[in-house]
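[1] next comes the sequence, and after it the predicted model I'd like to discuss.
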Amino acid sequence: MMFHQHAKCLYFRALEARVAVRIGPHARNLGVIASTTPTSPHHHPSYCRRIKVTPTQQYFSSLPMQNFKDHENQHDSDHGAQASKQDRQQLHEGGFNRAANRKEMTRRRILAEELMRFFATNDDCFNMTLRELNINKTWGSDTGLSEYRSFYLDSLSSFGTMLAENGDAEWSGISAANILDQFAGCGEFSDNPQLYSKIYRSMAAMMQREVEDRLALEKLQKSHEQKLQELRMELLESESLALDLTSEGANFNELDMIEEELSRSLSQRALISESRKARKEINKRRNTLDKIRSDATKLKRLISRIESEFDEIEWPMPKHEFQAVTEKLLKVAALVAPALAEFVTHRHEDFDKYRKLEMQTDLTKPHEWYPRARLDKRRIIFHAGPTNSGKTYNALQRLKQANNGMYLAPLRLLAAEIYENLNAEGIYIDLLTGQERRVVPFATHRSSTVELACLDKDYDVVVIDEIQMLCDEFRGFAWTRALLGVRCKEVHLCGGAEAIEIVKKIANMCGDDFELHRYERFGYV
Ligand SMILES: Nc1ncnc2c1ncn2[C@@H]1O[C@H](COP(=O)(O)OP(=O)(O)OP(=O)(O)O)[C@@H](O)[C@H]1O
């Protein structure tokens, strides 16, 4: 029995020790603040099982040890009590400030979102941003902007978030928060931005539709007027009878009388048939006139119906308010556009690549293809005239006098001929064609086919023969390239007079001077 009791005692002690060992490190987490001496009767397993963690205990146990101690110490002293009150006050104020900040952030986010919606739907905003990106094109009238537009639209949402979250950031000299405030002041946006914005946008859409409808109406009016005019002309151009249209009734009476008279007195069949013809013609004209009149009344009715429809429209907001708000919004947009343009380029890595590609593949500005040739103002001398009139002869005289120069021929045989002639005259000239290349040591000149024109060297005089070939379907590019790209102070062009205008235009675009020398064909002796 004694042994049994002793064993039981040992068992309990062992259990207590195990519980204490297990609880020890986690005592604070479990809310066990009391001492955990293994010998304490409170650490009996059945007692431990009964331990329940209250919320207060949970709170304290979750505090870091140091804070917890500080907290206790503060409670111990009067000073501590005072500090705790201040803390609570600060905590309260902090919470209030946080709530106010949250409210302000929400307001800014909504305003920024609505401002970006305006950017997404208003073409002027897009055009403004394009101008900031140095793209001088307009959405609606220029083509090739859809890629830019997708970059732009894709950036709006993130840009709006940035605008809302970086209130202190400076955009075009004023803060983002200030811009949003200005946006709120454009109309009734500050009260309920989402609702007012919705009304404004529906008004914008309706106004847009009205503009389109009015344009369609104008088009309709014009087409009808044209149709009426055509009918009138048809009527006037009818040559069978020279009757006055305004008094066709009187003519009818006259004809009746003539017909009666004729049938009574003369009975001449020929004359009767003449008068019948006349009557037929008059009927035809009367029908045409009726058609014109009915068309005119139909058109008037249609126009008045459409006009009345315009008057009956119920606008979501007064037109003058819409216009005033739009003006203000565009002013705010002008403040945002530079930052947005910068954001678009940063957000889309491909933006610059696309812009470069677009510029390089833009074939609408040929004068920009050869920037080196644009550095100097060239003198373009056009020798225009029929074949065998001495155009090339005169141009070559100038080439021979030059310190260095290039002759561009339409055919390799012609290039070879100039090569031989000039070398024979003591002017050292190379030959370069698709078939052969003859290099003369210390040559100052070069004779080649036009496709092999050299554009990376400066010349004093260049002669381009048969310039009218620039309109050729297959080889024209070679003349265009040579004309635009040769780096030379004096360019002589020989060719037919039909190319004068196009060459003059190209010279103007390139900023070159243009001179025209006309030639007549040599007469037979
Ligand atoms: N002032 C001149 N003195 C001597 N020969 C000349 C003179 N003008 C032209 N010729 C000769 O007349 C011929 C035709 O002249 P050129 O080749 O210059 O005419 P073109 O108008 O250029 O003809 P194409 O349009 O066929 O090239 C050439 O053989 C050229 O040497």
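    Received the coordinates, thanks. Numbers count the residues shown, from 1 in each chain.

[2] and the biggest strand by length in the chain, which strands flank it?
    Looking across the chain with DSSP state E, the single longest strand is strand 487-495. Strand 487-495 has the following strand partners under DSSP bridges: strand 379-384 (parallel), strand 458-464 (parallel).

[3] redo these as CSV? Include mean pLDDT, distance to the ligand and mean neighbour count.
    Every residue, glycine included, has its C-beta placed from N, CA and C. Converted to CSV, the strands paired with strand 487-495 look like this (pLDDT from 0 to 100; distance: least, Cβ to the nearest ligand atom, whole Å; neighbours: other Cβ atoms under 10 Å):
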stretch, mean pLDDT, distance to the ligand, mean neighbour count
strand 379-384, 96, 8, 21
strand 458-464, 96, 10, 23
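
[4] neighbours of K300, how many?
    Counted with other Cβ atoms under 10 Å, the neighbours of K300 add up to 11.

[5] can you check P371 too?
    Neighbour number of P371 under other Cβ under 10 Å is 9.

[6] could you pull up the residues touching the residue nearest to the spatial centre of the chain?
    The residue lying closest to the centre of the chain (Cα atoms, centre = their mean) is L145, at 4.1 Å. With contact taken as Cβ atoms under 8 Å, 6 or more residues apart in numbering, L145 is in contact with 130, 135, 137, 139.

[7] with respect to the ligand, which of the residues you listed is nearest?
    In terms of Cβ to the nearest ligand atom, no member of those lies closer to the ligand than K137, at 42.3 Å.

[8] nearest residue to that closest one in space, ignoring adjacent ones along the chain?
    In space, not counting the residues next to it along the chain, K137 is nearest to L145; the distance is 5.8 Å by Cβ to Cβ, 6 or more residues apart in numbering.

[9] kindly report the same for E515.
    The shortest distance from E515 to any residue other than its chain neighbours is 4.6 Å, reached at I381 (Cβ to Cβ, 6+ apart).

[10] same question for V503.
    Ranked by Cβ to Cβ, 6+ apart and with sequence neighbours excluded, the top spatial neighbour of V503 is F382, at 5.7 Å.

[11] quick one: the one you found and R518 touch, right?
    No: using Cβ atoms under 8 Å, F382 and R518 do not qualify as a contacting pair, with a distance of 9.0 Å.

[12] and G249, what's its pLDDT?
    According to the per-residue confidence, G249 scores 48 in pLDDT.

[13] pLDDT weak spots in the stretch 101-250 of the chain?
    In the predicted model, the stretch 101-250 of the chain carries pLDDT under 70 at residues 172, 232, 234-250.

[14] what ranges does it have for its strands?
    When secondary structure is read from DSSP state E, counting those that start in this stretch, the stretch 101-250 of the chain shows strands at 170-171, 174-175.

[15] highest average neighbour count across these?
    Mean neighbour count (mean count of other Cβ atoms under 10 Å) peaks for strand 170-171 among these, with a mean of 16.

[16] what helices or strands is that strand leaning on?
    In this structure, strand 170-171 packs against helix 319-347, with contacts taken as 3 or more Cβ pairs under 8 Å, 6 or more residues apart in numbering; DSSP states H and E.

[17] show me which positions of the helix it packs on end up buried.
    Residues of helix 319-347 classed as buried: 322, 325-326, 328-330, 332-333, 335-341, 343-345 (neighbour count, 16 or more other Cβ atoms under 10 Å).

[18] how about stretch 281-289, which residues are buried there?
    Using 16+ other Cβ under 10 Å as the test for burial, stretch 281-289 gives 282, 285, 288.

[19] A415: neighbour count?
    Neighbours around A415, by other Cβ under 10 Å: 25.

[20] excluding its backbone neighbours, what's nearest L516?
    The spatial neighbour of L516 that comes closest, neighbours along the chain excluded (Cβ to Cβ, 6+ apart), is F382 at 5.1 Å.

[21] OK, contacts around that neighbour?
    The contact partners of F382, by Cβ under 8 Å, 6+ apart, come to 467, 493, 495, 499-500, 503-504, 514-517.

[22] and for A204?
    Neighbour list for A204: 121-122, 322, 326 [criterion: Cβ under 8 Å, 6+ apart].

[23] and the strands in the stretch 401-525 of the chain?
    405-409, 429-432, 437-438, 445-449, 458-464, 487-495, 513-518.

[24] list the strands paired with the first one, with their directions.
    Partners of strand 405-409 in the sheet, by DSSP bridges, are strand 445-449 (parallel), strand 458-464 (parallel).

[25] of those strands, which is nearest A278?
    A278 lies closest to strand 458-464 among these, at 69.1 Å (Cβ to Cβ).

[26] let's have the strands paired with strand 405-409 in a markdown table, adding distance to R374.
    As requested, the strands paired with strand 405-409 are exported to a markdown table (distance: least, Cβ to Cβ, whole Å):
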| stretch | distance to R374 |
| --- | --- |
| strand 445-449 | 22 |
| strand 458-464 | 13 |
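
[27] how about the longest strand of the chain, does it reach the ligand?
    Yes: with Cβ under 6 Å from any ligand atom as the threshold, strand 487-495 lies in contact with the ligand, specifically through C494.
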